[in-house]
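In: 3D, please:
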Amino acid sequence: MTVFDLLIWGGAALTLIGVGLLIWCIMTVARARKAGLNDQALKNKMRRVLAVNMAALGASTIGLMAVVLGIVLAG
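Out: Here you go, the predicted model:
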């Protein structure tokens, strides 16, 4: 296994973690909306989920960049 293979598989794992966190964010917000919370409680919940959402997007982006970089450098 070369360093490029590790870069590809590590990037794929990071991307999957990011996608999993994005799904968690979607489910958390959907549950909060179904719960019928008032505006302030919903805003507080959304504020907490926003940080996880941004981290998940960043992880997915970095993971995909690692996969592409590994493929390009291995070729």
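In: CA atoms for contacts and neighbours, from now on please.
Out: Fine.
In: show me where the protein has helices.
Out: Counting by DSSP state H, the chain forms helices over residues 3-34, 39-74, given from the N-terminal end onward.
In: contacting residues for the nearest residue to G63 once chain neighbours are set aside?
Out: Here the nearest residue to G63 in space, its sequence neighbours aside, is G11; by Cα to Cα, 6 or more residues apart in numbering that works out to 3.9 Å. By Cα atoms under 8 Å, 6 or more residues apart in numbering, the contact set of G11 is I62, G63, L64, M65, A66, V67.
In: quick one on the thing from earlier: same list (the helices of the chain) but as TSV, adding mean pLDDT.
Out: Below are the helices of the chain laid out as TSV (pLDDT from 0 to 100):
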stretch	mean pLDDT
helix 3-34	96
helix 39-74	95
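In: you'd agree I17 is up against S60?
Out: Yes. I17 is within contact range of S60, at 7.5 Å (criterion: Cα atoms under 8 Å).
In: out of these two, which sits in the busier spot?
Out: S60 (24 against 16; other Cα atoms under 10 Å).
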